[in-house]
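Participant: I'll drop the sequence and a predicted model, then ask my questions.
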Amino acid sequence: MKKNNFLKYSLFVGALALTVSCTNLDEKILDATEITNADPDAILNSAYKGLREFQGQDGIFAIQELSTDFVIVPTRAGDWGDGGAWLQDHQHTWDANSREINTAWRQMLSNVYNCDLALAITGIAPQKAAEAKFLKAYYYYNAIDMYGQVPYREAGSSPDDFPKVWDSPTATAKIIALLEEALPNLPAKNASDPSIASKDAANFLLAKIYLNKAVFDAPTHVGFNPNNVANMNKVIQYVNAISAGTTLANDYWDNFKPSNNTSPELIFTSKNINGVEMGAVRSRWYMGGHYNQVPSGWNGFSVLQDYYNQYDPTDRRILNKDAGVISFFGSPMGMRIGQQYAPGGTVALTTRGQNGSRPLNFQSDPAGLPANGLIVSEEWLERWGIRPQKYLPDTSNLDKPENDYVLFRYADALLMKAEAIARGGTGVVAPIQASLQSRMGITTVIDLTTLTGIYKARGTELWEEGWRRNDMIRFGTYTTARPTMRNTDAYRVLLPIPTSALLNPNIKQNPGYN
C-alpha cells in the first residue's frame, strides 16, 4: 500500500462509524505493507476502541446470548418490536438480511481493518505490533465462531481485487499463528489496567481456540469430534501459562463493579472512564430494568425460567443484596425476580399508570409469554420476565460509567481447564472445583467431574458474558428444541453471510441459507 493511500483508508474507517451497512467492507481489508508518517498510538487506539462493540445489546452480544437458552426479548405490544429483529435472534429465524447478522459482521471486520492499519505502519514498535496482532486474532476469532469463514487480503495484492477467503479450519490455524507470533512481545498483564493486551490475554485466547478447535476444524461447525486429546492438552498448557498474579476475586461482584479494573480475576477488558465518553456498558443496567426502577430501564431483556432454575436462589452470583445495593437501587442485583422496590428496599414498585399500576413483580410464568414471543396481555406487558442485572451501575455517572466491560476472566480459564481434563487432557479438577465453590456466597453446587456438571457450571458462572452460544455449540445443545425457539435446523450453528458481502465472488453462502 502506497503512503499516499493512507488518507483514503483513514476516511474509509471514519465512514464506517457512520453507517450500519457492510457493503464493500470486506473488499477494503488491507494488505498491511506500508504506511509512513502515521501515529501508531492513534491507530491502535481505534483498534482497541472497537472492543466497545461487545458492550452493546445488539450485534455481537445479541448473537452470542440472545440466541441461546439464557434470555429472550419479547415484543411487548409496541415495545421491542424492531421489525421482529430481537425475536429472530432468539428463535433462530434470521436470514442474510437480518439486522444482527449484518451488524455483527460489520463490527468484526471493520475492527480487523483497524488492526491492519496499525500493522501497516512502518517502524511500529514490537509491543504495539503485538497488541495489534492480538486484537486482530480476537476479532477474527469471533468472526469465525459466528460465520465460519472470513475474507483476507494477501500481502502485495491490489486493493481493487476481491479479497480471498479463509474457511474455518484455515482461519483457525492462521489465528493461532498470529497469537503465537504476538506472544513474546506482549507485556505482562497490568494489574490495574487489564484493558491492555497482555501475555495472559493471549494465553487465554489460545486456550479458548484450542477448546473449540474441533468445532472450528469442521467447516460447517457440525459433526465435530469434541474429545480431541491433543487439543485439550493445549488448553491446559495455555491456562497454566497465565501468570500467578491472575487469581479469582474473593467476591464475584468485584468483577462487575465500577472499579472492577482492580480485580485480580480480570484478564482482558474493554476500558471505560467515568464521565469521559458514553459507554455502551450502560445497556447492562438499562436493557432489562423497568421504567419505574432506579436506574430507569427499557423493560426488555428477560432471563428464561429454566436457566434461572439452575441456581440455588440464595446464590450470590444472582442475588447481591448488599446494603449499598439496596440503598441505591431498592432490589438485589443479579437475576431480579419477584416484587421490586424503590431505593431503600421498603417501598414496593408498580408498573406504570397506563398499565394499571400493578405490583412490579417480575416472573417468567410461561402463561405470560405466548409461543410467538408477542406479549399483548395487560397483566404481563410490563412485568413478564426475570431481569438480568450483572454490572453494578456507576451511581456517579450512569451514562458515562467507570465499569470496564469484561471480555476474559480467570474463572472462565479454570472452567476451560476443567473441561479439557474431562475431555481427556492431563490434570486434576478437584482444586479447580474447590476454588470456585469456596468463593463468597456461592451456594449452587459446582460439579466439575462430568461434562454435564461442567456445562452447568459454565452457565451459572458466566451468564451474560458472551460465551453461552459458543458453549452450547461445543456441547451440542444449541439447536436442541426449546419452548421459546422455533427453528432447530442444525446448520444454524453458523450465521448466514450477509447479502452485501456476497458481492465478493470468493465468498459463498453458508450451507442451508441458499
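Facilitator: Thanks, I have it.

Participant: show me the helices in the stretch 301-450 of the chain, by range?
Facilitator: 305-308, 323-329, 410-422, 430-437 (DSSP state H, counting those that start in this stretch).

Participant: just the ones you listed: most buried one?
Facilitator: Looking across the helices of the stretch 301-450 of the chain with neighbours counted as mean count of other C-beta atoms under 10 Å, the highest average goes to helix 410-422: a mean of 24. In short, each C-beta sits where N, CA and C put it, glycine included.

Participant: any idea how far Pro74 is from Arg383?
Facilitator: 12 Å (C-beta to C-beta, to the nearest Å).

Participant: check Ala249 too.
Facilitator: 33 Å.

Participant: about what we covered before: can I get the helices of the stretch 301-450 of the chain in JSON lines with distance to Asp399?
Facilitator: Output for these, formatted as JSON lines (distance: least, C-beta to C-beta, whole Å):
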{"stretch": "helix 305-308", "distance to Asp399": "29"}
{"stretch": "helix 323-329", "distance to Asp399": "16"}
{"stretch": "helix 410-422", "distance to Asp399": "29"}
{"stretch": "helix 430-437", "distance to Asp399": "34"}
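
Participant: output those helices in CSV, with mean pLDDT appended to each entry.
Facilitator: Output for the helices of the stretch 301-450 of the chain, formatted as CSV (pLDDT from 0 to 100):
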stretch, mean pLDDT
helix 305-308, 95
helix 323-329, 97
helix 410-422, 98
helix 430-437, 98
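
Participant: who wins for proximity to Ile196 among those helices?
Facilitator: The closest of these to Ile196 is helix 410-422. By C-beta to C-beta, the value is 16.6 Å.

Participant: from the chain's centre, how far out does that closest one sit?
Facilitator: Offset of helix 410-422 from its chain centre (C-alpha atoms, centre = their mean, to the nearest Å): 18 Å.

Participant: who does it touch, helix- and strand-wise?
Facilitator: With contacts taken as 3 or more C-beta pairs under 8 Å, 6 or more residues apart in numbering; DSSP states H and E, helix 410-422 sits against helix 199-216, helix 229-240, strand 266-270, helix 430-437, helix 451-461.

Participant: give me the pLDDT for the residue lying closest to Pro505 once chain neighbours are set aside.
Facilitator: Distances taken as C-beta to C-beta, 6 or more residues apart in numbering put Phe162 closest to Pro505, at 6.3 Å, once the chain neighbours are dropped. At Phe162, the model reports a pLDDT of 92.

Participant: just checking, Phe162 touches Ala501?
Facilitator: No - because the distance of 10.9 Å does not satisfy C-beta atoms under 8 Å, Phe162 is recorded as not touching Ala501.

Participant: between these two, who's got more neighbours?
Facilitator: Taking other C-beta atoms under 10 Å, Phe162 and Ala501 do not tie; Ala501 has more neighbours (25 against 16).

Participant: okay but that one is in contact with Ile507, surely?
Facilitator: Yes - between Ala501 and Ile507 there is a contact under C-beta under 8 Å: 5.7 Å.

Participant: re earlier: and Ala249 and Arg383? which has more neighbours close in?
Facilitator: Taking neighbours as other C-beta under 10 Å, Ala249 and Arg383 compare with Arg383 leading, 26 against 20.

Participant: any idea how far that one is from Pro483?
Facilitator: Separation of Arg383 from Pro483 (C-beta to C-beta) stands at 19 Å.

Participant: out of the helices of the stretch 301-450 of the chain, which is closest to Thr269?
Facilitator: Taking the helices of the stretch 301-450 of the chain one by one with C-beta to C-beta, helix 410-422 is closest: 12.5 Å.

Participant: got a list of contacts for the closest one?
Facilitator: Contact with helix 410-422 is made by 204, 207-208, 211, 232-233, 235-236, 239-240, 242, 246-248, 264-267, 427-429, 432-433, 435-436, 448-451, 454, 457-458, 461-462, 465, 467, as judged by C-beta atoms under 8 Å, 6 or more residues apart in numbering.

Participant: now restrict those residues to buried residues only.
Facilitator: 204, 207-208, 211, 232-233, 235-236, 239, 242, 246, 248, 264-267, 427, 429, 432-433, 436, 448, 454, 457-458, 461-462, 465, 467 (16 or more other C-beta atoms under 10 Å).

Participant: which residues of this protein score low on pLDDT?
Facilitator: Residues of the chain meeting the criterion pLDDT under 70: 1-37.

Participant: quick one, strands of it?
Facilitator: Secondary structure of the chain, counting by DSSP state E: strands at 71-72, 75-76, 149-152, 164-167, 266-270, 302-303, 319-320, 333-336, 338-339, 361-362, 374-375, 387-389, 405-409.

Participant: so which of those gets nearest Met108?
Facilitator: Nearest to Met108, of all those, is strand 149-152, at 8.1 Å by C-beta to C-beta.

Participant: pull the distance from that closest one to the chain's centre.
Facilitator: On C-alpha atoms, centre = their mean, the centre of strand 149-152 falls 20 Å from that of its chain.

Participant: what packs against it?
Facilitator: Judged by 3+ C-beta pairs under 8 Å, 6+ apart, the packing partners of strand 149-152 are helix 99-119, helix 126-147, strand 164-167, helix 168-182.

Participant: of those, which is nearest Arg153?
Facilitator: Set against Arg153 and scored by C-beta to C-beta, the helices and strands packed on strand 149-152 come closest in strand 164-167, at 7.3 Å.

Participant: what residues sit buried inside that closest one?
Facilitator: Quick answer for strand 164-167 (16+ other C-beta under 10 Å): 165-167.

Participant: now do it: everything it contacts.
Facilitator: Under C-beta under 8 Å, 6+ apart, the answer for strand 164-167 is 148-154, 174, 219, 504, 506-508.

Participant: what do you get if the cut-off is 7 Å, keeping everything else the same?
Facilitator: 149-152, 154, 174, 219, 506-507 (C-beta atoms under 7 Å, 6 or more residues apart in numbering).

Participant: stretch 394-404 too?
Facilitator: The contact list for stretch 394-404 (C-beta under 7 Å, 6+ apart) reads 195, 256-261, 269-279, 281-282, 295, 328, 391.

Participant: are any of those residues buried, and which?
Facilitator: 195, 256-258, 260-261, 269-272, 279, 281-282, 328, 391.

Participant: closest to Gly78 among these?
Facilitator: Arg282 (23.3 Å).

Participant: wait, what's in contact with that closest one?
Facilitator: Arg282 is in contact with 398-399, 401, counting by C-beta under 7 Å, 6+ apart.

Participant: before I go, just wanted to say thanks for your time.
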